[in-house]
Every structure is written in structure tokens, then in C-alpha cells.
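Visitor: Could you look at this predicted model? Sequence included:
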Amino acid sequence: MKATRSLLAAMVLGTAIGGSQASAQCSGNAGTCNTVNTASVTVGALVKLDMSSASTALTNPTADDVDAGNVIADAGPTFTIKANRSWTLKIKSQNATNWTYVGSNAGVKPISDLSWSTSSGGTYAAISNTDATFLSGASSSNGTAAQAFFKTSWLNDFTSASNAPGSYSLPIVFTLTAP
């Protein structure tokens, strides 16, 4: 009996739903009947960022590099930017103040020891933990190419914690937006 009531309730509900879905009706005596259906879609701000590699191997400093307090240049990843309107590509460090250090020698390297540029001979800016404009475009793009270039600074002090033996890494976040 309970199953019969459930089946009856489901049939009534199905009939009610089916009846409410058929709202566009047409009848005609001349053999034709036209109804109109308007299809619509909303396209938001669309962006796509392709990056050549998820990691960049920076050049290891030599004793001569540390002795001289050298700055070592390296090419970073390349990007392809696609957007259906104006866009901005931002850069920042995911770390707040220092590189991530793995080792047993208490290494501490400030994030500002890494600087970035959009060209190898360009002006370099120290990376920080807040967004900085890496590149922007005033209109839509079907594949703007870009590349990051890095320079790593080394203090001329063998006793500095920023030169301690170990492995240093710095997560860098690139964010593409179409505001």
C-alpha cells in the first residue's frame, strides 16, 4: 500500500512538472505554426596563461662569485598570454621574506636577493611578496609572448647566512587577470 502511494505521488509530480515545461505552444489553421526561441550566452572576461616550465634552475654561485659579490643572470620561463580584453600579468613571491632553505647550516636568504625583468638587458626589480605588474596589454590578445629574466645577488661575505651551504628555493606566482 505504501509503495502504491509513493508511485501515485511520483506520477502526479511528474505530470505537474511535465505540464509546466511545455509553455511555448502554437496552433494554426493555415498548416504552419511558428514559435520563437531566443538562445543567449554571457561571455565573461577570459584569460589563458601558458608557462613553459614550472621551475627555473638558477646558476649556482662559485667561490669567485661570492668573493666578488656577483649578480648572476638567468633566463626564466616563457609565457603565452591569451585574453579577450585588456589584461595584466602580475609577479610576486609566495614567501613573505626569505627563500625556503633546506640544509643544516642555518641559511637565510632574503627574497629581495632575486630580481626580475621582462628582458635580459632591461631594468630589474627586486621581487617582493606583493603583486607587481610584470606585463600588461591594452587590448585582447591571441597569443602575446613574454619571458621572465632573473638575477640573483650574492653577498661578498663567506660567513653570511645568505651564502650558507644548502638548497634555496623561492616560489614565484604569476597571475593573469582581465579586470
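Guide: The structure has been received and is ready for your questions.
Visitor: I'd like the distance between Phe174 and Asn29.
Guide: 66 Å (Cβ to Cβ, to the nearest Å). For glycine as for every other residue, the C-beta is placed from the backbone atoms N, C-alpha and C.
Visitor: quick one: low-confidence ranges for the chain?
Guide: For the chain, applying pLDDT under 70 flags the ranges 1-23.
Visitor: Okay, strands next: where are they in it?
Guide: Assigned by DSSP state E, the chain shows strands spanning 47-51, 71-83, 87-93, 100-102, 114-117, 125-126, 132-137, 141-153, 167-169, 172-177.
Visitor: Adding mean neighbour count and distance to Ala161 as columns, could you present those in a markdown table?
Guide: Converted to a markdown table, those look like this (neighbours: other Cβ atoms under 10 Å; distance: least, Cβ to Cβ, whole Å):
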| stretch | mean neighbour count | distance to Ala161 |
| --- | --- | --- |
| strand 47-51 | 14 | 31 |
| strand 71-83 | 17 | 19 |
| strand 87-93 | 20 | 18 |
| strand 100-102 | 13 | 9 |
| strand 114-117 | 19 | 16 |
| strand 125-126 | 14 | 18 |
| strand 132-137 | 15 | 26 |
| strand 141-153 | 16 | 14 |
| strand 167-169 | 14 | 11 |
| strand 172-177 | 16 | 22 |
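Visitor: could I get those as a markdown table with distance to Val108?
Guide: Below are the strands of the chain laid out as a markdown table (distance: least, Cβ to Cβ, whole Å):
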| stretch | distance to Val108 |
| --- | --- |
| strand 47-51 | 28 |
| strand 71-83 | 19 |
| strand 87-93 | 15 |
| strand 100-102 | 7 |
| strand 114-117 | 14 |
| strand 125-126 | 16 |
| strand 132-137 | 23 |
| strand 141-153 | 14 |
| strand 167-169 | 10 |
| strand 172-177 | 19 |
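Visitor: out of those, which comes closest to Asn60?
Guide: Of all the strands of the chain, strand 71-83 sits nearest to Asn60, with 8.6 Å by Cβ to Cβ.
Visitor: Can you name the residues bridging to Ser153?
Guide: Listed by DSSP bridges, the beta-bridge partners for Ser153 are Val71.
Visitor: what's the spacing between it and Ala145?
Guide: 28 Å.
Visitor: what's the answer for Leu46, then?
Guide: Leu46 is 19 Å from Ala145, where distance means Cβ to Cβ.
Visitor: end-to-end on stretch 42-51?
Guide: 28 Å (Cα to Cα, to the nearest Å).
Visitor: Run through who's touching that stretch.
Guide: Residues from elsewhere that reach stretch 42-51 (Cβ atoms under 8 Å, 6 or more residues apart in numbering): 77-85, 87, 89, 174, 176-179.
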